[in-house]
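Q: Provide a 3D model corresponding to the input given below.
(one chain, ligands or ions: 1)
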Amino acid sequence: MMPFEAFEQSTTSVPTVAIIGGGFSGAMVAMHLLRRARVPLSIYLIERQSQVGQGVAYSSPLDCHVMNVPVGSLRLMDDEDGTVGDRPDFLTWLREVAGLASVTAEDFVPRYWFGRYVQASLQAAIAQRHANVQISVIQDEAMQISVGDRYATLHLQRGQRLRVDRVVLALGNSPPASLPIDNLAFHNSASYIESGRSDALDSVLSQPSLLLAGMGLTAVDWVVALHQRGYTGTIHALSRRGLLPQVHRISSAAQAAQSSMRLVVPQEGEDTLLATLPTTVRELTQWIRQRVAIAQSLGYDWRPVFDSLRPYTQSLWQHLPLKEKRRFLRHLRPYWDSHRHRVAPQVYEVVQSLRRSGQLQLHRGQLQTCENSDAGVVVRFRPRGQTHSETLTVGAVINCTGAQTNYREIHHPLIRSLMHQGLMRTDALRLGLDAAPNGAVRNRNGVPSSWLYTLGTACRGQLWETTAIAEIRTQAAALATTLLLPQGGIVPSHGSMIRITHPA
Ligand SMILES: Cc1cc2nc3c(=O)[nH]c(=O)nc-3n(C[C@H](O)[C@H](O)[C@H](O)COP(=O)(O)OP(=O)(O)OC[C@H]3O[C@@H](n4cnc5c(N)ncnc54)[C@H](O)[C@@H]3O)c2cc1C
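A: Coordinates of the predicted model:
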């Protein structure tokens with residue numbers, strides 16, 4: 001792709017918004033600002049990777065890493081046509097720009113196509129921006145934010161300092177938490193592999209066997225990537241419940257659209273639904289089971305229930321008291337994740353064929369230790385429901401347990417500096433950051449910031465359903481509106497003044 005055009009940097013007299021993180025979330029906030037701003041505004045979009053708009057999810061070069069949503073359901077905007085300005089929708093873009101003439105709305109395409117589409121749409125939004133709006137796309141890593149009397153200063157790794165009025169943290173997922181093992185020193189050994197490491201796949205191909213710790217979407221990504229690269233060794237996968245992601249059935253999407261009103265919203269309407277949402281995990285389980293039973297009586301399976309629940313999941317979550325949310329995380333989460341985050345049929349088929357051939361072996365249990373030995377890594381785990389331990393010997397262990405969400409345990413200097421200054425705090429469940437409904441990050445006293453915002457994964461504690469495209473695009477639009485609000489003097493949470501001098 002063409003590199004982004006770098007524009008002249010803003011002067012401090014122009015209100016300035018810095019977006020840290022140029023994955024899908026950051027790119028979408030930038031696109032909304034570019035589309036809407038008419039008065040002087042300067043935007044910094046800061047991304048440490050070479051490509052903007054792709055992030056972790058859509059930068060994989062592998063064909064086997066496909067979207068988990070069919071083409072026809074992918075859109076960038078909630079507007080009627082779902083596009084940016086005069087840009088084509090994703091299906092048209094794939095056919096006419098990417099040259100995939102035969103692609104259909106039901107296809108699950110490689111993720112890199114979506115990343116390129118986001119990138120192209122951002123480039124179009126940059127080209128079509130109002131003359132008053134400047135944007136600098138900076139390839140660098142934000143390391144620290146210091147707060148002065150009238151503005152915040154962003155410190156970038158290569159030494160650049162940027163004066164900004166508002167900051168959006170669009171940081172996406174952090175690296176995974178450590179494995180739940182006694183001997184933490186194992187994490188420093190060559191046989192421990194962090195799932196997101198760029199050279200990770202190449203580094204394990206010569207191993208006779210592997211253990212994937214975790215069985216979610218990351219583990220499935222690994223299984224299909226190993227298969228695509230011709231790996232012939234044994235792949236073990238271990239998780240407490242042994243649940244792999246379920247598969248999409250294309251017909252269920254259409255069914256969901258037809259049946260959602262009947263399955264989730266009562267005849268009396270949406271208000272009645274929202275007034276009668278379950279308040280305990282037990283009620284929630286029964287509530288879902290009842291709707292699955294209705295779906296089955298109509299000839300569907302459980303999928304349309306989960307799909308039609310989606311617009312109400314955030315309300316469902318917010319309705320649960322804290323102790324019930326904790327109960328949900330302890331008991332229901334693995335079942336929820338495996339049904340909600342489904343994989344494309346072609347991915348599922350690869351996983352099933354490797355299971356049938358015995359190359360992929362699933363284990364249900366709790367990881368206890370990983371010890372390096374002359375024969376390889378000796379992995380000890382306790383099978384679910386058993387008191388004894390079992391061992392496996394593998395060439396390497398790949399941590400697919402998912403991102404670290406506890407910001408107290410995230411060691412990136414930017415996060416540490418913001419936590420240290422008391423400018424942010426974790427939510428009560430340690431699923432992300434504590435933030436107000438408009439994305440304003442709450443400081444250590446719980447006061448929402450007037451200049452520091454976030455969206456996406458970081459809002460999981462408040463929203464639960466917040467990590468996928470549909471939710472992020474809605475949040476990005478709302479956040480851009482907040483950022484452009486014509487506020488005058490803004491008192492930030494630490495007590496000094498940050499002012500947008502030319503309100504948008
Ligand atoms: C493997 C994978 C597949 C997925 N597939 C789908 C799918 O098919 N459909 C769907 O709806 N959702 C999918 N998702 C969900 C996905 O999280 C969202 O769709 C979306 O891509 C998240 O974007 P993001 O910008 O919030 O995070 P990320 O993609 O993680 O982007 C964050 C960006 O911030 C940058 N960054 C972080 N810290 C700094 C810093 N200090 N300085 C500079 N840059 C920084 C990172 O380099 C990164 O590029 C998938 C997620 C993953 C991980």
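
Q: Quick one: name the residues of this structure near the ligand.
A: When proximity is defined as Cβ under 6 Å from any ligand atom, the chain approaches the ligand at 20-26, 46-49, 55-57, 67-69, 141-142, 170-173, 221, 414, 456-457, 467-469, 472. (Each C-beta comes from the backbone N, C-alpha and C, glycine too.)

Q: These in strands, which ones?
A: The strands, defined by DSSP state E, take in Ile20, Ile46, Glu47, Ala142 from these.

Q: circling back to that earlier point, mind checking which of the residues of the chain next to the ligand are in helices?
A: Mapping those onto helices (DSSP state H) picks out Phe24, Ser25, Gly26, Asp221, Leu414, Ile469, Ile472.

Q: which residues touch the third one?
A: Gly26 sits next to Ile19, Ile20, Leu45, Glu47, Val52, Gly55, Val168, Ala170 when contact means Cβ atoms under 8 Å, 6 or more residues apart in numbering.

Q: Also the first one?
A: In this structure, Phe24 makes contact with Gly53, Gln54, Gly55, Ala57, Tyr58, Val118, Gly456, Ile469, Ile472, judged by Cβ under 8 Å, 6+ apart.

Q: redo that, cut-off 6 Å
A: Gly55, Ile472 (Cβ atoms under 6 Å, 6 or more residues apart in numbering).

Q: Need the pLDDT of it.
A: Phe24 is assigned a pLDDT of 98 by the prediction.

Q: Likewise for the fourth one?
A: Model confidence at Asp221, expressed as pLDDT, equals 96.

Q: Considering the ones in strands among the residues of the chain next to the ligand, which possesses the most neighbours?
A: Ala142 (27 neighbours; other Cβ atoms under 10 Å).

Q: Domain-wise, how is the chain divided?
A: Split into domains by automatic domain parsing, the chain comes to 16-174+405-499, 184-240+348-399, 250-340.

Q: and among the ones you listed, the most buried is which?
A: The highest average neighbour count among the domains of the chain, using mean count of other Cβ atoms under 10 Å, belongs to domain 16-174+405-499 at a mean of 19.

Q: Which strand or helix spans the closest residue to Val305 other than its chain neighbours?
A: Once flanking residues are discounted, Val305 sits nearest to Arg291: 4.7 Å by Cβ to Cβ, 6 or more residues apart in numbering. According to DSSP states H and E, Arg291 maps onto helix 281-297.

Q: Contacts for that helix next, please.
A: By Cβ under 6 Å, 6+ apart, helix 281-297 touches Leu263, Pro278, Trp302, Pro304, Val305, Glu324, Arg327, Phe328.

Q: Please report phi then psi for Ser121.
A: Per-residue torsions, Ser121: phi -70, psi -40 (degrees, to the nearest 10).

Q: actually Gln144, sorry about that
A: Taking degrees, to the nearest 10 as the convention, Gln144 sits at phi -160, psi 150.

Q: just Leu277 next, same as before
A: Per degrees, to the nearest 10, the backbone of Leu277 is at phi -70, psi 150.

Q: For Val220, list the residues it contacts.
A: So Val220 contacts Pro245, Val343 (Cβ under 6 Å, 6+ apart).

Q: can you pull the contacts of His130?
A: Contacts of His130 by Cβ under 6 Å, 6+ apart are Arg38.

Q: how close does it get to Arg326?
A: Remark: distance between His130 and Arg326 (Cβ to Cβ, to the nearest Å) = 47 Å.

Q: Repeat that for Leu210.
A: 33 Å.

Q: Low-confidence stretches in the stretch 101-250 of the chain?
A: For the stretch 101-250 of the chain, residues meeting the criterion pLDDT under 70 lie at 250.

Q: where along it do the strands fall?
A: Taking DSSP state E, counting those that start in this stretch, the strands of the stretch 101-250 of the chain run over residues 133-139, 142-147, 152-156, 161-164, 166-169, 192-194, 209-213, 234-239.

Q: Return the list of strands paired to the third one, each annotated with direction.
A: Strands flanking strand 152-156 in the sheet, each with its direction: strand 142-147 (antiparallel), strand 161-164 (antiparallel) (DSSP bridges).
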